[in-house]
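Enquirer: Structural data only, the sequence is not supplied:
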């Protein structure tokens, strides 16, 4: 037998198998012609249809609820050379260093939708450590956080009925202040 004949035979066999499976699937979805002789099959079809009505609707997925995050403004001195404008980020831990004896960063509370859309919220900002951390709230809802000394402290931002607690860890170097804020 030649090679092309073997290939043609295999192709014909594949077509017959696919057609047979399609015919079998079509017959399985149709009601049997003689219900009396196929009573168990008819009962199974009725049970399947009843079960299908009681299953939850899978066509409408539930969207996760928006979550509240604190966003920090990237240092303009770093972003200025890239022509990116103001950049706000909301990582789990925001860590940065600035020259000088104090560390200053701007922050705001936002809702984060599942699709990535952000909405600014006004909020209240407090700290149980006022000697270490000073917070000034602007009219636009943006808070200016100043970390004055090294150590560990906390910040609490409240907006939309949600309270965000953040841990602040600051380390003073001879010519800079390094700060990590974890939400």
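Expert: Done, it's in. All of these numbers come straight from a predicted model, not from anything done at the bench.

Enquirer: which residues does residue 133 bridge with?
Expert: Using DSSP bridges, the bridge partners assigned to residue 133 are residue 147.

Enquirer: which stretches of the chain aren't confidently modelled?
Expert: The model of the chain has pLDDT under 70 over residues 1-61, 63, 80-83.

Enquirer: any idea how it splits into domains?
Expert: 3-54, 67-182 (automatic domain parsing).

Enquirer: can you give me the end-to-end distance of stretch 97-111?
Expert: Terminal residues of stretch 97-111 lie 27 Å apart, using C-alpha to C-alpha, to the nearest Å.

Enquirer: That one: which residues count as buried?
Expert: 98, 103, 104, 105, 106, 107, 108, 109, 110, 111 (16 or more other C-beta atoms under 10 Å). For glycine as for every other residue, the C-beta is placed from the backbone atoms N, C-alpha and C.

Enquirer: quick one: which two of those are the most distant?
Expert: Greatest spacing in the buried residues of stretch 97-111, by C-beta to C-beta: 98 and 111 (28.5 Å).

Enquirer: ok, residue 147 touching residue 102?
Expert: Yes: contact status for residue 147 versus residue 102: in contact at 6.5 Å, counting by C-beta atoms under 8 Å.

Enquirer: contacting residues around stretch 107-118?
Expert: The contact list for stretch 107-118, computed with C-beta atoms under 8 Å, 6 or more residues apart in numbering, reads 63-64, 66-73, 88, 90, 119-123, 125, 141-143, 145, 157, 159-160, 164.

Enquirer: Endpoint to endpoint, that stretch covers what distance?
Expert: Note: stretch 107-118 ends 14 Å apart using C-alpha to C-alpha.

Enquirer: mind checking the end-to-end distance for stretch 139-153?
Expert: Distance across stretch 139-153, first residue to last, is 25 Å (C-alpha to C-alpha).

Enquirer: Kindly report the same for stretch 84-94.
Expert: Terminal residues of stretch 84-94 lie 19 Å apart, using C-alpha to C-alpha.

Enquirer: Please point out which parts of it sit buried.
Expert: Neighbour-count burial for stretch 84-94 flags 88, 90, 94 (criterion: 16+ other C-beta under 10 Å).
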